[in-house]
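Colleague: any chance you can model this:
(one chain, ligands or ions: 1)
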Amino acid sequence: MRLLPAETGHAIALRGLSAGLGPHERADDFPVLAQDICGLHFANPVAVSAGFDKNGVAITGARHLGGGFVEIGGVTPNPQAGNPKPRLFRLTEDNAAINRMGFNNEGCAAVLARVRAARDGSTPLGVNLAANSDSEDPALDFISLVENFAPAADFLTIDVSCPNSANGQVFLEPRALEDLLSRLNTACEASGAKPAMFAKLTPDLEDAHLYELLEIIRTAKIDALTLCNTTTARPDTLRSENVSQRGGLSGAPLFEMANEMLRKVYAHTGGDIPLIGVGGIMSDQDAYTKIRAGASLVQLYTGLVYKGPGLVQQIKRGIAERLTRDGHAHLRDAIGSEHSLNAAR
Ligand SMILES: Cc1cc2nc3c(=O)[nH]c(=O)nc-3n(C[C@H](O)[C@H](O)[C@H](O)COP(=O)(O)O)c2cc1C
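Modeller: Next comes the predicted model:
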C-alpha cells in the first residue's frame with residue numbers, strides 16, 4: 001500500500017476496512033481500560049482520529065479494530081471536493097505525513113444516513129464537524145450540523161483547528177468562539193438531544209491565546225477537549241523531501257508538541273475537563289505517555305499508516321501491561337499521574 005500515492009493507498013485501506021477485511025477485535029477485552037466519561041461508556045480509551053473515515057463508510061470496520069469509540073468526519077453541511085490533488089504526502093523517513101485535504105467529504109445528508117444506520121449502542125459514535133470553505137456564515141454551518149447530528153450521534157466534535165480550509169480556524173478568535181459555542185448550546189437544547197460536545201484545538205497557539213480559549217470552552221460547558229490537530233510548524237529535524245509541502249504535519253514529529261499542549265492544558269484545568277490526546281502516537285508507549293500527561297482517551301491516524309491496523313489492539317494490550325507494571329489498579333489511576341509524581345518530587 002505504501003508504494004501507492006498516499007491518498008490512493010488510504011482509499012484502498014478504507015475500502016478494505018468497509019468490506020470487512022482487517023482485524024476483528026473486541027472493544028471490551030481489557031476490563032481495566034473501561035471508563036464512563038462525558039455520560040458515555042468507553043470500553044477502552046483508544047480510537048482512530050477524525051479524517052480517516054470522513055464519510056462514515058467504514059464505521060463497522062473501525063469498530064472491529066477494537067477501539068473504544070469511533071469518530072468520523074470532518075463533515076460539512078454541503079458536499080465539498082476539497083483542495084486539488086495531490087494533497088496528502090508521506091514523510092516516510094520521519095514517520096509523518098503532511099495533508100492539505102481541505103475537508104473533502106460527501107456532506108451532511110449522506111453521512112447522516114450512514115450514522116443513523118450504524119449507531120447500535122455499542123461503542124460511542126461521534127461526528128467531527130466543520131464549516132464549508134465557501135460559507136459566508138460558518139457559524140450557521142456548525143448550527144445546522146449540530147441540529148442534524150445531535151439526535152443521531154453520541155458525541156460531536158467542533159473542529160476549530162483545521163489549517164487547510166478557508167473557514168478552518170476562524171473560531172480561534174475568542175469572541176467568535178464564545179458566540180459560536182453559546183449558539184451551539186442553544187441549538188443542541190432545541191434539538192432535544194444531548195450528545196457530548198467536544199472541541200478540537202490546534203497546537204499552533206501562543207499560551208495566552210490558548211488559556212483565553214480554555215476559559216471560553218469551560219464556561220460553555222464543552223464536555224471534552226481534543227488535543228490536537230496537525231501543525232503548520234516544520235521542526236528542524238524533518239528529513240523527508242516532502243517537508244516543503246504546504247499543509248498540516250502529523251505523526252511522530254508532532255508527538256512532543258502535542259504532549260506539551262496536553263500537559264499545559266491538564267495543569268491549567270486541574271484535570272477537570274477530560275482530554276483526548278492525539279498527535280504522533282506510533283506505539284503503546286506513546287499512548288501511555290499521553291495518558292500519564294493527562295489524556296483520558298487517545299486517538300491516532302498517521303501511526304496506522306506506518307504500523308498498520310493492528311496498532312489499536314497493540315496499544316490496548318500495552319497500556320494494560322503498563323498499568324500492572326506501574327501498580328495502577330485501573331486506567332483512571334494513570335491519567336495525569338505524571339503531574340502528581342512531579343508535584344511529589
Ligand atoms: C489526511 C488527514 C486528514 C485529516 N482530516 C481531519 C478532519 O477532517 N478533521 C479533524 O479534526 N482532523 C483531521 N485530521 C487530523 C487528525 O485527526 C489528527 O488530529 C492528526 O493527524 C494528529 O494525529 P496523528 O499524528 O496520529 O496523525 C486529519 C489528518 C490527516 C493525516
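Colleague: all contacts plus neighbour counts: C-alpha atoms, from now on.
Modeller: OK.
Colleague: where does the protein dip in pLDDT?
Modeller: Within the chain, the set of residues satisfying pLDDT under 70 is empty.
Colleague: residues from it in reach of the ligand?
Modeller: Within the chain, the positions near the ligand by C-alpha under 6 Å from any ligand atom are 49-51, 73-74, 99, 103, 159, 228-230, 250-251, 278-281, 300-303.
Colleague: burial count for residue 168?
Modeller: Neighbours of residue 168 under the rule other C-alpha atoms under 10 Å: 20.
Colleague: whoops, residue 3 was the one
Modeller: Residue 3 has 7 nearby residues by other C-alpha under 10 Å.
Colleague: helix, strand or coil for it?
Modeller: Taking DSSP: H, G, I helix; E, B strand; the rest coil as the rule, one finds residue 3 in the coil state.
Colleague: same check on the one 4 residues further on?
Modeller: Three-state assignment for residue 7 (three-state DSSP): helix.
Colleague: and for residue 157?
Modeller: Per three-state DSSP, residue 157 ends up strand.
Colleague: isn't it right up against residue 128?
Modeller: Yes: using C-alpha atoms under 8 Å, residue 157 is in contact with residue 128, at 4.6 Å.
Colleague: make a PyMOL selection of the buried ones in the residues of the chain next to the ligand.
Modeller: Selection of the buried residues among those in PyMOL, burial being defined by 16 or more other C-alpha atoms under 10 Å:
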select buried, resi 49+50+51+73+74+99+103+159+228+229+230+250+251+278+279+280+281+300+301+302+303
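Colleague: next, the buried residues of stretch 203-218.
Modeller: So, applying 16+ other C-alpha under 10 Å, buried residues of stretch 203-218: 203-204, 210-211, 213-214, 216-217.
Colleague: of these, just say which sits nearest to residue 2.
Modeller: Closest approach to residue 2 among these (C-alpha to C-alpha): residue 203, at 27.7 Å.
Colleague: helices of this protein, residue ranges please.
Modeller: 6-18, 59-64, 108-118, 138-149, 174-191, 207-219, 255-269, 284-293, 302-307, 311-325, 331-334, 337-344 (DSSP state H).
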